[in-house]
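>>> The sequence and its predicted three-dimensional model are supplied below.
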Amino acid sequence: MSGHKFLWVLRAPSMSPSSAYLSAKRENPFEYLPKGFLERSKGQGFVVPPWAPQIEVLRHESTGGFLTHCGWNSILEATVYGKPMIVWPPFAEQRMNAVMLVEQLKVAVRPKVDENYKNGIVVREEVSRVVRIVMEGEAGRELQTRIRVLKETAAKAISEEGTSTRMLSNLAYE
């Protein structure tokens, strides 16, 4: 619906309140897609189950944004590669991370849950809306500018003389 190309790493849904679902064997995740979705999105999107090389995807220049569950590694990787985010935190500290990215750092947007559903459903129109925010217009340019500044700060911190490198070296020598 957004008109933008996408790569979707698809996992079957889980009722698990922890990250244990990531390593569990699950049924075919394609069974959860709306009927005809793969045909309708052919040429526009690519859906792969259940894993993709995230760093390589984020590093690629054609990647314009990143929908993330707000795990700390994903946040750091998106920051290092300068990708604005759509945040979709399922549990635990991920919700706090989402608030930080959206409200404090202003490098992400968060889709709104549809009030007509009891289970926290985000409808496709809302997904399209936040994709367009990240990829288009003034709001998208502002997200790009802010994440670029954060990317530069991260690059300095992990450089040979950066604060992160020095602190890790000090820790290793003590």
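The structure has been received and is ready for your questions.
>>> from here on, contacts and neighbour counts on C-alpha atoms
Will do.
>>> Contacts for the worst-scoring helix or strand of the chain on mean pLDDT next, please.
When the helices and strands of the chain are scored by mean pLDDT, DSSP states H and E, helix 163-173 comes last with a mean of 90. The contact list for helix 163-173 (Cα atoms under 8 Å, 6 or more residues apart in numbering) reads Lys156, Ala157, Ile158, Ser159, Glu160.
>>> switch to 6 Å and redo it
Ala157, Ile158 (Cα atoms under 6 Å, 6 or more residues apart in numbering).
>>> where does Pro29 fall, phi/psi-wise?
In terms of degrees, to the nearest 10, the main-chain angles of Pro29 are phi -70, psi -20.
>>> low-confidence ranges in this protein?
15-26 (pLDDT under 70).
>>> middle-most residue in it, spatially?
Thr68 (2.1 Å; Cα atoms, centre = their mean).
>>> buried stuff in the least confident helix or strand of the chain?
Ser164 (16 or more other Cα atoms under 10 Å).
>>> again with stretch 50-60
For stretch 50-60, by 16+ other Cα under 10 Å, it's Leu58.
>>> Ok, stretch 96-114 next?
Asn97, Ala98, Val99, Leu101, Val102, Lys106, Val107, Ala108, Val109, Arg110, Pro111.
>>> about what we covered before: so in terms of bridging, what pairs with the residue nearest to the centre of the chain?
Val87 (DSSP bridges).
>>> could you pull out the strands for the protein?
Ranges of strands in the chain, per DSSP state E, are 6-9, 45-48, 66-68, 85-87, 108-109.
>>> Of all those strands, which one is nearest Glu142?
Distance to Glu142, taken as Cα to Cα, is lowest for strand 108-109 among the strands of the chain, at 10.2 Å.
>>> and the closest one, which strands flank it?
strand 85-87 (parallel).
>>> count of residues packed around the residue nearest to Ile133 when sequence neighbours are not counted?
The shortest distance from Ile133 to any non-neighbouring residue, by Cα to Cα, 6 or more residues apart in numbering, is to Gly140 (5.4 Å). Neighbour count for Gly140, taken as other Cα atoms under 10 Å: 22.
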